[in-house]
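A.B. asks: what's the 3D shape of this:
(2 chains)
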Amino acid sequence: MANATRIGLDQVRQQLRKPRSQLKGRQVSDEARVEVQALIGMPPAGGHRRDLLIEYLHVLNDHFHGLFERHIVALAAEMRLSVVEVFEVASFYHHFEILKDDAAAPRITVRVCDSLSCSLAGSDSLLRQLQRELTGDVQVVSVPCLGRCEQAPAAQVGQQAVACATAETVAQRVAQKQTHPNALPDAIGMDAYLKNGGYQLARQVAAGLKDPESIIQVLESSGLRGLGGAGFPAGRKWRILRSQPAPRLMAVNIDEGEPGTFKDRTCLESDPHRFLEGVLIAASVVGCEAVYIYLRDEYHEARLLLAQALADLRANPPCALPRIELRRGAGAYICGEESAMIESIEGKRGEPRLRPPYIAEVGLFGRPTLEHNFETLFWIRELLEQGADSFAAHGRHGRRGLRRFSVSGRVKQPGVKLAPAGITLRELVDEYCGGMAEGHTLYAYLPGGASGGILPARLADVPLDFDTLQPHGCFIGSAAVMVLSQHDSAREAALNVMRFFAHESCGQCTPCRVGTDKAAQLMTADIWDADTLKDLAQVMGDASICGLGQAAPNPIRCVLDYFPHEVGAEVKS
Amino acid sequence: MSTVQFTLNGQSVEAPVGKSIFNIAKDLGIAIPHLCHKEGLAPDGNCRACVVEVAGERTLAPSCCRSATPGMQVHTDSERAVKSQKMVLEMLLADLPEQGYKWLDDRAEAPHGELSQWAEHHGVQVRPALAVLKREAVPADLTHPAMAVNLDACIQCNRCERACRDLQVNDVIGLAHRGAHTQVVFDLADPMGASSCVGCGECVQACPTGALMPKSHIGPQKVDREVDSVCPFCGVGCLVTYQVKDEKIISVKGREGPANEGRLCVKGRFGMDYIHNPDRITQPLIRKAGVAKDVSLLDGHTDWREVFREATWEEALDLATQPLNALRQAHGPKSLAGFGSAKGSNEEAYLFQKLVRTGFGSNNVDHCTRLCHASSVAALLEGVGSGAVSNPVRDVEHSDLIIVIGSNPTANHPVAASWMKNAAQRGTRIVLADPRITDIGRHSWRKLQFKADTDVALLNAMLHVIVHEGLCNEAFLKERADNVAELKAHVQDYTPEAMSAICGISADTIREVARAYATAKAAMILWGMGVSQHVHGTDNVRCLIALASITGQIGRPGTGLHPLRGQNNVQGASDAGLIPMMYPNYLRVTDKSAHDWFEKFWDTKLDDQPGYTVVEIMHKALASDSDPHKVRGMYIMGENPAMSDPDLNHARHALASLQHLVVQDIFLTETAWLADVVLPASAWPEKTGTVSNTDRTVQMGRQAVLPPGEAKPDLWIIQQIAQRMGLNWHYAGEHEGVAEVYEEMRQAMAPAIGGIDWARLNAGSVTYPCVSADDPGQPIVFHDHFPTADGRVRLVPAEVILAAERPDAEYPFVLITGRQLEHWHTGSMTRRATVLDALEPAATASMCAADLRRLGVQAGQSICITSRRGAIELQLRCDEGTPVGTVFVPFAYVEAAANELTHAALDPFGKIPEFKYCAVRIQPLSAQPA
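C.D. replies: As a prediction, this is how the structure comes out:
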């Protein structure tokens, strides 16, 4: 028994350690609670919907130009979530800027795209110049693909897109506080769409005048495949979903994040109701009681347009509408992965799920879910009106159908090109893009965005379609074609996309989280450590959870296979 | 069970449908590396160390998350699979620091726990090309008193997150950011010590690499021995494994037990070092001649050597016992009384009550059950014929709805609360009915923050709704209940509208909850001291019994009545007869046959009149000399009435006025300061014996270390006293004959534990009633009858009775006392546990912000709380869960002892004091928060 320790201990307690004056952890401040309530409203009877978390974060982020910690704490309390449940979601998405309570929010954020096509167009120097010139409460950051590769270099001032950005055009918008989305006057509105026979099909399908089976047969015989990249036959998907127990849900993927891809945006910005009619037909045929449309956050203009189109549709519905919710992404490429998107719609971190189970069986909110890429649905009306053959009759080199290629890089006329499936790169550039840009000759190309690998000019005559590029270690994916010339290098392109993958990896699984990061570092070496990179490539490809990690090593393999001279590696025999 | 046939490493295997390839392989002795996978946690499949090759699949599959399908061909050891397994290990290892935190045994060359283990298994070493790319070091977070966070050893496997959120549902840990920046965070990436972390340490137990470690056990993991035991704190009864090194318990692991499945709370995991505190009494102490028993000695400023001298055991035992014998001789058996303890073993409780009954010669034996659930027991014995729970806590997983009333389970029964939160995650609706909204509120479907003291109004209104709307289970009532008509008639006037005005809950909400409870497929009621510690505590419980009975929500899985037991062995101590009106197994001392049986069993004449209860004994100590029942001498084992009794000034004076007081404890408690002889006893990890938890599960505690100095096992001390009082006891065998004591007790309690012999307990926990060796034990009782005389439940109507002392102009606030997560009971143990003391170092008074504003005071400010009986000074804490007009004070702090304020008014049936309600006034002491 120690000598008279009680006295000492108690005194020490009194002197040195004060008890907490509040409960453990952060407490909600009344002011923050009031501010949050003012923006998201009071909770309805059953409480706020958990799946709206990201939407609420947007509301706060837009209003305060960032997410202050006090608001995260208050939002958590309002939603009956723990603080960390909100924080882990908020911190996952790049568009949420989490700020200490005493920090000053940037007044304007300027985003400069650093993806391959924009990089080829000089986005690096644009970024540096803007960072030099725009200071104070203007924040200039580089961001992954903005989906405007045909307008490279692309930038955004606040929510306003800047095509073919220069330091001057950006600075001018900043000076004039032009941060709101551009208007899109050329889009086909509700009236024009209806005048042109729009929504008649949807009405007929809903009224039972068209047999679901016959519709599915049209899809099947047309050979339409999922145009987000995976290429799953659309008709078969509908058939599978129809056999699943109700309630069934539908999720539409307009998280067009694959670098080089901008076809969905282009179509959406021109003819939103054609897409919505496809949605209604799909939901009706498959029997989905609700539709969630997930639109990438970079597409502010398209979002306003789509919101208006939805409002017009609801005001004048051609048939009983399913519940349709428009959801905003928040800056995460991975949410283009179907199961990650579902997680994100549920208001969570966009971490892909392990499969099985497949989302057709256990998808959104645990229900069987029909998930489609935008463009797949965009085709529905035309296929049903014109018949399967109108689509299937197209094609070259033994392939069938039409593809929308997003072409960017060193071509004369970049843009979305509706071309026969199976067209070769050389044909695509020559016939649809006006040839190579002045002073550029073809050196290499990326046939399928960042994930699809890199091919050398000598393979410019390979048909571009699903399944045709696998023998060459590549795939077409979303048909985002980025063209490189003699002024470019494959290793720079590979490094650009590997950094992109490292930036966009969700971080869930070891091969992708560690592999993309380490590979990006190794790929900066003058002479590549081919053995280590190959080992990383193997584990990423074999053991990653989702397509991001599995495809991430494609550029490594392609450079080692087709461009070994650039990285000092042995030429593959 | 249907099975699938498939091929594993070339071998044909039949396995259950749905079973993971990993588990199938494991059963076949095939080891597959794994890091994110841990038994007990949902498989996550993120680390990819366990990938296997499935013929025909494009990529490898995580074996922890894949089940076999017919005809599948799986290779765990193909070149391709092993390549990825090894690469995953190498990639992770490449980012970990040289010096790790969780060495395999004492090998510094294997510093990263399970990662090192699997790296060795596969012979993985990090190549230089990856080693140079090691990620940037993260600074250590050492802000928590118990746990070190070294995220440089983190592999983002999220086991900690699943432990924190899926198991304990504390929801503190998450993985934030993404990609290579993915990081384990607490709340808003706050330092662990500043976060909402409740210190359960489940994350530490889950962490495979040592990124999260108990500070007391970093580096070499080798210990001298591991000892399996049971946690000494609350009544949940979590099983633990002590890690002993150099004769000290350096850390504690949760062990698979029926109540905890490996889970622990901050007390069980990080609160065990009280046993090594230098304040331990290590020598018998004798009060020095002429040192008065002055309550001012409790000021914390006196050196014990001014009051006591050290003595030998021989001398101390003689000096302890002789005056007891003399008092009995001079004033009769009623002049002596004994308080046993709910913190000791069943065997100690049994021997202690036997000593009082056969040695002291009266039934003046009681313990702290009187202060916690005496009213619950009174009502339950009257109503259902048994004072114990009907269903175990974990039965909430079978409930559609649970009512948690008058209980703060996340603080007082944290692991039990985790099962409730798990149930809520799966859709069980929790109704929290409590004047204070505590952490369980976030998981609740409805929160009924009724006005303190108005339990009966609320519950009668619910009964009214159920009766009025025809929601009674008439078949159940007809077959199994008595007094139904009287109850129905009684609640007629208790309309929700009328009661709403009293209890403050809207009539609509009362109706909604009553209907939900009545119509749930299975609904359970759990309650704590908020129900029992009132002058109408017994009435409160009568209402709960009525609720369960008229709806038939009892006798099935997921239903029933569960008074959450506070102390680790309050159930067992009560069972063992440590109560003045009952022999072991609740046989009334006034019951002639019981009386005769025990006279024969113990071969002694026994008193046939009930003894006095805790508070009554204090009164009797202050009785006039002419009172033939005046208590003059006491033996108190492990209880601290000088802190735990209501109206402490009164209780302390009573203790000080005793002619002779013997206190047996591990510390010089507030009670011990008033003793004539203090006997140094053993702490729980220093002895062997059994305890019975809130679920009626009997479990074995085992000695891990020796008592310090001359301290002795309590069982030995009791026997020494008995011997000196002329009792001829002989309990042979190791640990002071504990097994023989148990076996004797088993004879006395055959209907409860007859089937549980000592050897069976040594093998594992058993829930009683268990009447024979092949009886597996009965966690759920009352299936078809109640253990009452006629086998039926007796419904007893209750009237609304007001608290004994209501607020008024002079004392306008209501004081509610209770406990907090870190401190146990009177704090004698936990305030001497380093981590717990660091987490809650001083007394606080909790009030809501509205009251703080009204009083013009701020959180952190010092205040004085005064009642008609005393005054204490302490600091304010803002807690929005505290209702307006109310202040909450935990009673663990001697320097601001809440019980100096409380009122000793008793429930007439349970004789429990009204700790949960008295009138106080509040005055600021300092102008600004100190």
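A.B. asks: tell me how far the ends of stretch A:386-395 are from each other?
C.D. replies: End-to-end distance for stretch A:386-395: 17 Å, by Cα to Cα, to the nearest Å.
A.B. asks: and for that stretch, what are the contacting residues?
C.D. replies: A:218-224, A:379, A:382-383, A:400-402, A:420-422 (Cβ atoms under 8 Å, 6 or more residues apart in numbering or on different chains). C-beta coordinates here come from the backbone N, C-alpha and C atoms, glycine included.
A.B. asks: separation between A:Leu402 and chain B?
C.D. replies: 28 Å (Cβ to the nearest Cβ, to the nearest Å).
A.B. asks: Give me the nearest residue to B:Ala850, chain neighbours excluded.
C.D. replies: B:Val884 (5.6 Å; Cβ to Cβ, 6 or more residues apart in numbering or on different chains).
A.B. asks: shaky segments in chain A?
C.D. replies: A:1-17, A:570-573 (pLDDT under 70).
A.B. asks: hang on, the earlier thing: tell me the contacts of the residue nearest to B:Ala850?
C.D. replies: B:848, B:850-851 are the contacts of B:Val884 under Cβ under 8 Å, 6+ apart.
A.B. asks: With only the CA atoms kept, save stretch A:139-149 in PDB.
C.D. replies: Provided in PDB are the C-alpha atoms of stretch A:139-149 (Å, rounded to 0.1, in the frame of the first residue of the first chain):
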ATOM      1  CA  GLN A 139      -9.000  27.900 -56.400                       C
ATOM      2  CA  VAL A 140      -7.600  26.200 -59.500                       C
ATOM      3  CA  VAL A 141      -7.300  22.500 -59.500                       C
ATOM      4  CA  SER A 142      -6.600  19.800 -62.000                       C
ATOM      5  CA  VAL A 143      -9.300  17.200 -62.400                       C
ATOM      6  CA  PRO A 144      -9.700  13.900 -64.300                       C
ATOM      7  CA  CYS A 145     -11.600  13.800 -67.500                       C
ATOM      8  CA  LEU A 146     -14.400  16.400 -67.700                       C
ATOM      9  CA  GLY A 147     -16.000  14.500 -70.700                       C
ATOM     10  CA  ARG A 148     -15.300  17.300 -73.200                       C
ATOM     11  CA  CYS A 149     -12.300  15.700 -74.900                       C
END
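A.B. asks: anything in that stretch near chain B?
C.D. replies: No: between stretch A:139-149 and chain B, judged by Cβ under 8 Å from any Cβ of the partner chain, nothing touches; the nearest distance is 11.7 Å.
A.B. asks: same deal with stretch A:353-372?
C.D. replies: Yes: contact between stretch A:353-372 and chain B, assessed by Cβ under 8 Å from any Cβ, occurs at A:354, A:356.
A.B. asks: May I see the buried residues of that stretch?
C.D. replies: A:353-354, A:359-364, A:367-372 (16 or more other Cβ atoms under 10 Å in any protein chain shown).
A.B. asks: Secondary structure added to the residues you listed, as JSON lines?
C.D. replies: Shown next, in JSON lines, are these (DSSP: H, G, I helix; E, B strand; the rest coil):
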{"residue": "A:Arg353", "secondary structure": "coil"}
{"residue": "A:Leu354", "secondary structure": "coil"}
{"residue": "A:Ile359", "secondary structure": "coil"}
{"residue": "A:Ala360", "secondary structure": "coil"}
{"residue": "A:Glu361", "secondary structure": "coil"}
{"residue": "A:Val362", "secondary structure": "coil"}
{"residue": "A:Gly363", "secondary structure": "coil"}
{"residue": "A:Leu364", "secondary structure": "helix"}
{"residue": "A:Arg367", "secondary structure": "coil"}
{"residue": "A:Pro368", "secondary structure": "coil"}
{"residue": "A:Thr369", "secondary structure": "strand"}
{"residue": "A:Leu370", "secondary structure": "strand"}
{"residue": "A:Glu371", "secondary structure": "strand"}
{"residue": "A:His372", "secondary structure": "strand"}
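A.B. asks: can you list the residues you listed in CSV and add distance to A:Ala76?
C.D. replies: Converted to CSV, these look like this (distance: Cβ to Cβ, whole Å):
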residue, distance to A:Ala76
A:Arg353, 24
A:Leu354, 28
A:Ile359, 28
A:Ala360, 33
A:Glu361, 32
A:Val362, 28
A:Gly363, 27
A:Leu364, 23
A:Arg367, 27
A:Pro368, 31
A:Thr369, 28
A:Leu370, 33
A:Glu371, 29
A:His372, 33
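A.B. asks: That'll do, ta.
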